[in-house]
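J.: coords please:
(2 chains)
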Amino acid sequence: MPKVTYVSADGGATTVEADLGTSAMRAALLGGIRGITADCGGEAACATCHVFVDSAWMEKVGNPGLDEDEMLEVTACPRQANSRLSCQIDVTEELDGLVLHLPEEQ
Amino acid sequence: MAGTVIIGAGQAGAQLAISLREHGYNAPITLIGNEPWLPYHRPPLSKDYLRGYLPEAELFFRGAEVYFREHIDARLSTEVTHVDFPHQRVHLSDGTDLSYDTLVFATGTRANRLDGLSLPPINAYNVRTFHDAQSLRNALSEMRHVLVVGAGFIGLEFATVARARSIGVTVVGRSALIMRRSVSTPISKYFAAQHRTNGITLMLGSSATRFTQNTAGKITSATIDGEEVPVDAVVAGTGVVANTELAADAGLIVENGIIVDRYLQTAQANVFAIGDCSRFPDPRTEKLVRIESAPNASEQARYLAQQLTGKTTKPYAAVPWFWSNQAGQKLQIAGLADANDDQITLPHQEPNRFSVARIRDGKLVAVESVNQPAEHIAARKLLASETTIDITELTSPNFSLKQFARSTTATTN
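T.: Down below sits the predicted model:
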């Protein structure tokens, strides 16, 4: 199972194993990662699963879709070039080892 | 310390338990649920889960080990039989009882069943619990023509999934407008047109007056507007009722929900009610409201966790919001409107991406958006900031809700 590491705003890192094909948001919730709210349950409706993709992984993770791109304009912590909504990142074999940084606020 | 006992292991109860720990609450937390499962997300049940896109394991709110690690004692398949306020104890169906310092009702709602049947039906469904959704998902492959009773969010979300599987779908609704309780006329009409384009038959301003059942209880047809419509399954999307019996028996004030104050507190100082079962004063109007939505359940849970850990002393003030996926379209609502509130369609470029502002006494109270997620979030920020907005400005052709929200909330933050 691919591993995903979440780095909290204060720098603490936690790694969870994700089922193949699950979203980085669900992997975080099921693994009990704090700092992901995900009020809508993963439907790109709430912008509360905001993450910053580690620079080494940006190319593999890719760019946000159209709806997601709009939602990222209104996240609680300002958007950066590496911002994504974690509900829209599917964890594939290719993303084994992925590192995501969590914002201070959702 | 006896800690916190939470009655109900749905979204509100589970979020409260998790949030209490996130805020450093160290006393025992017991989460009591009457279903056999750990807490799960309900919104996908009528959408991605039913569609077969979401594996069951991913429905769960948190992994099982998280409850263990966070010292949250989840008691499943368990009912609270009696609450004893004077002794601060709850009695459980397994014969045990628990003390509490703080007691929280997060008992949610239950779906209304189909009525007017002479025999227990074997092919009538609800879409409320995991079990409901499992039964319905299993039955979908055999369905050829399904009748949906009720033209609200749940009924129409199910209709969308069924239609995408080429099942014949008839939706019967009492009002001439679908989702009448929740949205403005332009939004209702837009979605009705989309559903009809997708091949769903909408019979509006009507009701199913009679069902024919065979001896096994199977519903074989329904009579609508004097016409007999053959069906092989019926899905009831006819609303829910709040689970308030336990609270009423304990002596709390109950009227279409458990009545609480601006702090979500009942008449008992250490007893609260959150989520779908809670009827609380709308911070904007002071009118009592009961809100059926997962985001409301989460927000109230997070608020109460902050309050119980001394992180806030303010009353609850979040702006309610709602969403639905139907007919391949995303509907999002910010704020709380009444059927009588004015409706102004905001300027837009594309026919399938627009928002409707709802106005009461010259004030913006809600914004309903179709395929405009950013405009929806902008509306939520605007409503939360309580910025006054000039209504005439809304109708000017250059008006942009996103720009307006950005310019006004930037200065208030």
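J.: tally of neighbours for residue 93?
T.: In the absence of a named chain, chain A is used. Other residues near A:Glu93 come to 9 when the count uses other CB atoms under 10 Å in any protein chain shown. Glycine gets a C-beta too; all of them are placed from N, C-alpha and C.
J.: Not quite, go with chain B.
T.: 13.
J.: same question, B:Val83
T.: Neighbour tally, B:Val83, other CB under 10 Å: 23.
J.: Let me see the contact set for it.
T.: With contact set as CB atoms under 8 Å, 6 or more residues apart in numbering or on different chains, B:Val83 has these partners: B:Ile7, B:Arg89, B:Val90, B:His91, B:Leu103, B:Leu246, B:Ala247, B:Asp249, B:Ala250.
J.: Swap in 10 Å and give it another go.
T.: By CB atoms under 10 Å, 6 or more residues apart in numbering or on different chains, the residues touching B:Val83 are B:5, B:7, B:89-91, B:100, B:103, B:105, B:246-247, B:249-252, B:268, B:271.
J.: Looks like A:Ala44 contacts B:Asp48 (just checking).
T.: No - applying CB atoms under 10 Å as the test, A:Ala44 and B:Asp48 come out as separate, 11.8 Å apart.
J.: Next to chain A, which bits of the stretch 201-350 of chain B? Give me the list.
T.: Applying CB under 10 Å from any CB of the partner chain, we find that the stretch 201-350 of chain B lies next to chain A at B:293-299, B:302, B:321-325, B:330-332.
J.: Mark which of the contacts of B:Val83 are buried, thanks.
T.: Restricting these to buried positions leaves B:Val5, B:Ile7, B:Arg89, B:Val90, B:Tyr100, B:Leu103, B:Phe105, B:Leu246, B:Ala247, B:Ala250, B:Leu252, B:Val271, with burial counted as 16 or more other CB atoms under 10 Å in any protein chain shown.
J.: Show me the beta-bridge partners of B:Ile359.
T.: B:Ile359 forms beta bridges with B:Asp342, B:Leu364, as assigned by DSSP bridges.
J.: Then B:Met203?
T.: Bridge pairing for B:Met203 - DSSP bridges - gives B:Val172.
J.: and it, what does it touch?
T.: Here B:Met203 is in contact with B:Leu147, B:Ala151, B:Thr170, B:Val171, B:Val172, B:Gly173, B:Ala222, B:Ile224, B:Asp225, B:Glu227, B:Val229 (criterion: CB under 10 Å, 6+ apart).
J.: again, only using 7 Å
T.: B:Thr170, B:Val171, B:Val172, B:Ile224, B:Asp225 (CB atoms under 7 Å, 6 or more residues apart in numbering or on different chains).
J.: Could you pick out the residues of chain A near chain B for me?
T.: For chain A, the residues in contact with chain B (CB under 7 Å from any CB of the partner chain) are A:19, A:22, A:26, A:29-32, A:34, A:39-41, A:43-47, A:67, A:70-71, A:73-74.
J.: which among the residues you listed end up buried?
T.: Applying 16+ other CB under 10 Å to the residues of chain A next to chain B, the neighbour count classes A:22, A:26, A:29-32, A:34, A:39-41, A:43-47, A:67, A:70-71, A:73-74 as buried.
J.: can you pull the pLDDT of the nearest residue to A:Gly42 once chain neighbours are set aside?
T.: Nearest non-adjacent residue to A:Gly42, counting by CB to CB, 6 or more residues apart in numbering or on different chains: A:Cys87, 4.1 Å away. Note on A:Cys87: pLDDT of 94.
J.: Okay, A:Cys87 and A:Gly32: tell me how far apart.
T.: Separation of A:Cys87 from A:Gly32 (CB to CB, to the nearest Å): 17 Å.
J.: is it true that B:Thr129 touches B:Glu35?
T.: Yes - applying CB atoms under 7 Å as the test, B:Thr129 and B:Glu35 come out as touching, 6.4 Å apart.
J.: Touching the worst-scoring helix or strand of chain A on mean pLDDT from outside, list them.
T.: The helix or strand of chain A with the lowest confidence, counting by mean pLDDT, DSSP states H and E, is helix A:66-71 at a mean of 87. The contact list for helix A:66-71 (CB under 7 Å, 6+ apart) reads A:Ala44, A:Ala47, A:Leu85, A:Gln88, B:Pro373, B:Ala374, B:Ile377.
J.: As CSV, the residues you listed with secondary structure would be great.
T.: Putting these into CSV (DSSP: H, G, I helix; E, B strand; the rest coil) gives the following:
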residue, secondary structure
A:Ala44, coil
A:Ala47, coil
A:Leu85, strand
A:Gln88, helix
B:Pro373, helix
B:Ala374, helix
B:Ile377, helix
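J.: So what does the residue nearest to B:Val149 when sequence neighbours are not counted look like in phi/psi?
T.: Closest residue to B:Val149 apart from its sequence neighbours, by CB to CB, 6+ apart: B:Ala236 at 5.1 Å. Per-residue torsions, B:Ala236: phi -90, psi 120 (degrees, to the nearest 10).
J.: try the one 4 residues further on
T.: Summarising the backbone geometry of B:Val240 under the convention degrees, to the nearest 10, its torsions are phi -130, psi 160.
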